[in-house]
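Participant: One predicted model, sequence on top.
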Amino acid sequence: MEAILTAAEQLFALQGLDGTSVREVAARAGVTHALVHRYFGTKDDLYRAVLARHEDVIRDAAEDVDDLVGSAARMVREGLAYHRDYLRLLVASAVSGVPYDRSIVNFSATQRLVDLARSAAARSGHPAEGETAAAAESDRRLGVAMASSLLLGWASTEPWLAKAVGIEGLGDEATAAGVERAVRILLEGWFPAPDDADAGVTG
């Protein structure tokens, strides 16, 4: 089952849901297509199983980190070091128009960051005067979406972007550190620490 899921993840990330057949997955995994159907059902069921397989691993990498920026930074490192195919698959789903509800049950890393963003905002005195609770919640979620898009965007376009800006030889550690730094800068600006908020710095 693990071999099937790994093969499916690689092929779906490269070719998308519609561009991948169960026979291709079976061939890559070294099993029959009937065995794939026996264990996973339809191709859509297999696709959801692939996404569900890793839905918590990025969140869990930062389970012991209680601040928003530190947690996001740890998730960036985990995603880029161990789960690039999974991140590319999420992007491929979005870009190819596969509806969120059809492709994934729960991307728990983002919900963890939303919860931490609520805590960060509460400590810094948000919502601001005159801001509704609904507007403040939308702003928090938008901040998390922007940080998540940096990770997802880099994971899915790194070879192209690295060549475009001339950093092909930079190496995995240096590029991961750069993505982490970008996420930190974005979140620290969006969710200022209490001292910064008191000084009038806004995100």
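Facilitator: All right, it came through fine.
Participant: Domains in the protein, by residue range?
Facilitator: Described in terms of automatic domain parsing, the domain architecture of the chain consists of the residue ranges 2-52, 55-198.
Participant: Mind putting the ones you listed into CSV with mean neighbour count?
Facilitator: Placement of C-beta: from N, CA and C, glycine included. Formatted as CSV, the entries for those read as follows, by neighbours: other Cβ atoms under 10 Å:
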stretch, mean neighbour count
domain 2-52, 17
domain 55-198, 17
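Participant: elements contacting the helix or strand encompassing residue 141?
Facilitator: Under the assignment given by DSSP states H and E, the secondary-structure element containing residue 141 is helix 133-165. For helix 133-165, the packing partners by 3 or more Cβ pairs under 8 Å, 6 or more residues apart in numbering; DSSP states H and E come out as helix 68-82, helix 84-95, helix 108-123, helix 172-190.
Participant: Of the ones you listed, which shows the lowest average pLDDT?
Facilitator: The minimum mean pLDDT among those belongs to helix 84-95 (a mean of 84).
Participant: contacting residues around residue 94?
Facilitator: Contacts were defined as Cβ atoms under 8 Å, 6 or more residues apart in numbering; by that measure residue 94 touches residue 100.
Participant: cool, and residue 82?
Facilitator: Neighbouring residues of residue 82 by Cβ under 8 Å, 6+ apart: residue 57.
Participant: what helix or strand is residue 63 on?
Facilitator: Remark: residue 63 resides in no helix or strand, with elements defined by DSSP H and E.
Participant: Next one, pLDDT for it please.
Facilitator: Reading off the per-residue confidence, residue 63 sits at a pLDDT of 92.
Participant: Next: residue 200.
Facilitator: The model reports residue 200 with a pLDDT of 46.
Participant: for the record, mean pLDDT for stretch 146-156?
Facilitator: Stretch 146-156 shows a mean pLDDT of 94 in the predicted model.
Participant: which outside residues touch that stretch?
Facilitator: Stretch 146-156 is contacted by residues 72, 75-76, 79-80, 84, 87-88, 90-92, 109-110, 113, 161, 175, 179, 182-183, 186-187, 190 when judged by Cβ under 8 Å, 6+ apart.
Participant: again, only using 6 Å
Facilitator: With contacts defined as Cβ atoms under 6 Å, 6 or more residues apart in numbering, stretch 146-156 is touched by 72, 76, 79, 84, 87-88, 91, 110, 179, 182-183, 186-187.
Participant: coming back round to it: of the helices and strands packed on helix 133-165, give the one that comes closest to residue 32.
Facilitator: Proximity of those to residue 32 was assessed by Cβ to Cβ; the nearest stretch is helix 84-95, lying at 23.4 Å.
Participant: Would you mind getting the angle between the closest one and helix 172-190?
Facilitator: Angle, helix 84-95 to helix 172-190, by axes from the mean of the first three to the mean of the last three Cα atoms, to 10 degrees: 50 degrees.
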